[in-house]
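Peer 1: coords please:
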Amino acid sequence: MRTARMLAMACVLALAGTALAFAVRKAEPLPAPTRTIHMSMKEYAFNGANPTLALRPGERVRFVVTNDEETPILHNFRVVGLGVPCERALRPGEQREVVVTVPPSGEFAYTCCTHPGMGGKLVVVPR
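Peer 2: Sure, this is the predicted structure:
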């Protein structure tokens, strides 16, 4: 009976040590963005005409989105399919930064969550 208890205690301590090792392990920092793209949201468009943006596979891109409206219109920003969800809407003058890592291929929509039809495409082009 005593041997079984000691064996059980050893197993519990081994599991606790393994869990602690994973919890303490430092996460590797993500690489810095390689490019910054400024996106102005004004008059129900991004950068005036909702341009199609060409991105390279593996590139880390920082989007800096700014609500440049002069009236109290709220805007938002998301990228469908790249894990950039809708967040709190931006008031005029407010800005948000979003960083994405571009996948090997594909086309993705960037949109304003508040205004359907306001948005464009991100196209991954080979190197």
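
Peer 1: what ranges do the strands span in this protein?
Peer 2: According to DSSP state E, the chain carries its strands in the segments 35-42, 45-46, 53-55, 60-67, 78-80, 95-101, 107-111, 119-124.

Peer 1: and the third one, what does it pack against?
Peer 2: Right, strand 53-55. If you count contacts as 3 or more Cβ pairs under 8 Å, 6 or more residues apart in numbering; DSSP states H and E, strand 53-55 packs onto strand 119-124. Using the backbone N, CA and C atoms, a C-beta is placed for each residue, glycine as well.

Peer 1: same thing with the second one?
Peer 2: With contacts defined as 3+ Cβ pairs under 8 Å, 6+ apart, strand 45-46 has no helix or strand neighbours.

Peer 1: starting at the chain centroid, how far to it?
Peer 2: Its chain's C-alpha centre and that of strand 45-46 lie 19 Å apart, by Cα atoms, centre = their mean, to the nearest Å.
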